[in-house]
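**Q** Sequence first, predicted model second:
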Amino acid sequence: MGASIISMTYMGAIFAFASGYSFYRFFALMMQKQRHAQTVKESLLNERIPDENDPATLYDKTIGYMETLTQSYAVKRRHLPEIVLASAGKAFIARQDRAGLRGCVKVDAFVEARIRLAVIVGLVALVIGLVFSTELGLLLLFAGFIFGWILPSRAVGHRVVWRSLQMEEHLPEMLDVIALGMRSGLSFDASLKLYSSHFTTILAHEISLAQCQWESGLERRDEALRHVAASYDSAIFGRVIETMIRSVRFGSSMVSNLEDDAREARSIYRARKEEQIAKAPVKMMIPTSTLILPAMLIVVLGPVLLELMGGVV
């Protein structure tokens, strides 16, 4: 009897130990997978846009949704009809490079995002409008459909403008670093690597990728630099890249040209900021005239009108 109890206790201890170890390995494996997924996600985000100034707005969430659809298209290997892509994705193809979305968002994902968002936003607006009246529901349905349809296109346009502003902000810094490196005796490639390795901006990231391509023999130097210039909607950046290509090709000195271009880029960026500051009072007139001014008129003229109405009565 005692031997059986001891054997049962021994088997129970072994079973409890095996169960506990199994649960421990299970939860450890789950935590490891979660940490790995988070690391991969952060690395992908850092590779796509390594700058920390990217605001998490509705436009950025829309682009993230299109990237998710692109991944699903890659997994399922499906495509939309060509007639749909030709009619609804023409604007996206023209701005895909300047938005920095080549390889991240496909045309199929852009068109499907437009269709899905138009339907979803329209139905949500219809439900909200039907709470009050049928006419308001139909009006909100139409407005929600239009808003959902143009939202992806507006998001891509916002990304184009945002990338151009980020580039114009960091372009003088890049030119100063390259000119300083070349004045110190470094070559053009070494000066570019000096900038791309010590800065974490979008421009430094794309310059680093282009330099890796021509060092690996995948592209010529001039082609890689022109592809970087074509990915931004900026005329001065295109001129700077062409100056670099001509100077490297013909062996002429580019330090003074880079310094002049840096001063010009800095003045253009300052002028753009001053223009935005000058437009701020004009933009503030809209909420002032529609929200603040009517309230002030009610507060000032309300007692007078009530007194007049009381006198008339």
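**A** Perfect, thanks for sending it.
**Q** Please count neighbours and contacts with C-alpha atoms only from this point.
**A** Will do.
**Q** Now for the protein, the helix or strand with the poorest mean pLDDT.
**A** Ranked by mean pLDDT, DSSP states H and E, the weakest helix or strand in the chain is helix 2-48, scoring a mean of 48.
**Q** Please report the number of neighbouring residues for the nearest residue to Ser208 once chain neighbours are set aside.
**A** Leaving aside its chain neighbours, Ser208 sits nearest to Ser196 (5.5 Å; criterion: C-alpha to C-alpha, 6 or more residues apart in numbering). Other residues within reach of Ser196, judged by other C-alpha atoms under 10 Å, total 22.
**Q** show me what contacts Ser196?
**A** Neighbour list for Ser196: Ala204, His205, Ile207, Ser208 [criterion: C-alpha atoms under 8 Å, 6 or more residues apart in numbering].
**Q** C-alpha coordinates for the strand or helix carrying it, PDB please?
**A** Using DSSP states H and E, Ser196 maps to helix 188-198. Output of helix 188-198 as PDB, limited to C-alpha atoms (Å, rounded to 0.1, in the frame of the first residue of the first chain):
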ATOM      1  CA  PHE A 188      32.900  61.900 -53.500                       C
ATOM      2  CA  ASP A 189      31.800  58.400 -52.600                       C
ATOM      3  CA  ALA A 190      33.400  58.600 -49.200                       C
ATOM      4  CA  SER A 191      31.800  61.900 -48.500                       C
ATOM      5  CA  LEU A 192      28.400  60.500 -49.400                       C
ATOM      6  CA  LYS A 193      29.000  57.500 -47.200                       C
ATOM      7  CA  LEU A 194      30.000  59.900 -44.400                       C
ATOM      8  CA  TYR A 195      26.700  61.700 -44.600                       C
ATOM      9  CA  SER A 196      24.500  58.500 -45.000                       C
ATOM     10  CA  SER A 197      26.200  56.700 -42.100                       C
ATOM     11  CA  HIS A 198      25.900  59.600 -39.600                       C
END
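**Q** List the buried residues of it.
**A** Phe188, Ser191, Leu192, Lys193, Leu194, Tyr195, Ser196 (16 or more other C-alpha atoms under 10 Å).
**Q** following it, which helix or strand comes up?
**A** Per DSSP H and E, the first helix or strand lying C-terminal to helix 188-198 is helix 202-215.
**Q** Work out for me the element Ile150 sits within.
**A** If you go by DSSP H and E, Ile150 is part of helix 134-183.
**Q** Can you name every helix or strand that that helix contacts?
**A** Judged by 3 or more C-alpha pairs under 8 Å, 6 or more residues apart in numbering; DSSP states H and E, helix 134-183 is in contact with helix 58-76, helix 90-95, helix 107-130, helix 188-198, helix 202-215, helix 255-287.
**Q** Lowest average confidence across the ones you listed, which one?
**A** Mean pLDDT is lowest for helix 90-95 among the helices and strands packed on helix 134-183, at a mean of 75.
**Q** packing partners for that helix?
**A** The contact analysis (3+ C-alpha pairs under 8 Å, 6+ apart) places helix 90-95 against helix 107-130, helix 134-183.
**Q** Relative to Thr134, which of the buried residues of helix 188-198 is nearest.
**A** Ser196 (58.3 Å; C-alpha to C-alpha).
**Q** Could you measure from Val107 over to Val156?
**A** 12 Å (C-alpha to C-alpha, to the nearest Å).
**Q** which residue is nearest the centroid of this protein?
**A** When C-alpha atoms, centre = their mean is applied to the chain, the residue found nearest the centroid is Asp60 (4.9 Å).
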